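Peer 1: Provide a 3D model corresponding to the input given below.
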Amino acid sequence: QVQLVESGGGLVQAGDSLRLSCAALGRTFNAMGWFRQAPGKEHEYEFVAAIARDNIYYGDSVKGRFTIARDNAKNTVYLQMNRLSPEDTAIYYCVARPWAAISPLSPSDIEYWGQGTQVTVSS
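Peer 2: So this is what the prediction gives:
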């Protein structure tokens with residue numbers, strides 16, 4: 001059974017850091033990444049970051065603050081989040097695609113999603 005298992009969310013204060021982890025179980029993937037869903041935006045997924053081989057790209061709102069990394073030996077992707085602000089409050093979803101790249105504008109194309117982990121940033 002293929003699963004994406006996220007961990008690392010929580011409640012922090014503005015300016016703090018958090019690191020999210022996502023372990024892929026059952027298979028390997030060409031691309032892995034993160035989307036998020038803010039409160040009150042249940043049908044909107046904002047692209048956060050993705051990594052595929054040596055290609056790394058970020059959403060505009062997190063550039064310079066978030067870093068995505070991948071450990072292929074552990075089949076795990078990480079999201080280091082620094083200088084968090086209340087606007088980063090959201091459910092963060094790990095995503096993965098077996099063969100294709102992750103398009104920031106097409107979350108509906110993504111085959112695999114994690115269960116989501118809550119990140120809450122207080123002011």
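
Peer 1: can you list the buried residues in stretch 24-36?
Peer 2: Using 16 or more other CB atoms under 10 Å as the test for burial, stretch 24-36 gives Ala24, Phe29, Ala31, Met32, Gly33, Trp34, Phe35, Arg36. All C-beta atoms are positioned from the backbone trio N, CA, C, and that covers glycine.

Peer 1: could these go into a markdown table alongside secondary structure?
Peer 2: Formatted as a markdown table, those follow (DSSP: H, G, I helix; E, B strand; the rest coil):
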| residue | secondary structure |
| --- | --- |
| Ala24 | strand |
| Phe29 | coil |
| Ala31 | strand |
| Met32 | strand |
| Gly33 | strand |
| Trp34 | strand |
| Phe35 | strand |
| Arg36 | strand |
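
Peer 1: and of these, the nearest to Asp16?
Peer 2: Within the buried residues of stretch 24-36, the smallest distance to Asp16 is 16.8 Å, found for Arg36 (CB to CB).

Peer 1: name the nearest residue to the closest one, ignoring sequence neighbours.
Peer 2: Distances taken as CB to CB, 6 or more residues apart in numbering put Ala90 closest to Arg36, at 3.8 Å, once the chain neighbours are dropped.
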